[in-house]
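> okay, sequence plus prediction incoming.
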Amino acid sequence: QLQLVESGGGEVQPGGSLRLSCVASGEILDGYGIGWFRQAPGSGREGVACISRRGDSSTYADSVKGRFTVSRDNAANTVYLQMNSLKPDDTAVYYCNGVVALVPVYDWGKGTLVTVSS
């Protein structure tokens, strides 16, 4: 089964940037579309961005369009989420997962915490 580990979170001021990484093990990453999701305190998990197997197609939640960019390096078995112009509302635990038709299909990892605060 595909296993994914997220990293790169931290605390940043509004307007700052972070790059999250999602590293795969267990299987080759290029067999999967990969989605980034987040869960803010007291809220449900929501989809943020998704990238196709080859990286030639991506989708974004309206709330992050123009600020976040998802990319992948299949040779490195890694998917990235570049987050710019961060806002306090972006504070959440961020997760990645394999997706089928934008629906997450594997067990969730521990995620990585992003805190946007002045």
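Arrived safely, thanks for sending. Residues are numbered from 1 along each chain as shown.
> every contact and neighbour count from this point should use C-alpha atoms.
OK.
> count the residues that sit near residue 33.
Using other CA atoms under 10 Å, residue 33 has 22 neighbouring residues.
> oh, I was asking about residue 23
Residues near residue 23, counting by other CA under 10 Å: 19.
> residue 73 now?
Counted with other CA under 10 Å, the neighbours of residue 73 add up to 14.
> what of residue 25?
By the criterion of other CA under 10 Å, residue 25 has 13 neighbours.
> quick check: closest non-adjacent residue to residue 79.
residue 72 (4.1 Å; CA to CA, 6 or more residues apart in numbering).
> can you confirm the one you found is in a strand?
Yes - assigned with DSSP: H, G, I helix; E, B strand; the rest coil, residue 72 falls within a strand.
> ok, residue 15 touching residue 85?
Yes - using CA atoms under 8 Å, residue 15 makes contact with residue 85 at a distance of 4.1 Å.
> confidence-wise, which helix or strand of this structure is lowest on average?
Least confident helix or strand, the chain: strand 103-104 with a mean of 90, by mean pLDDT, DSSP states H and E.
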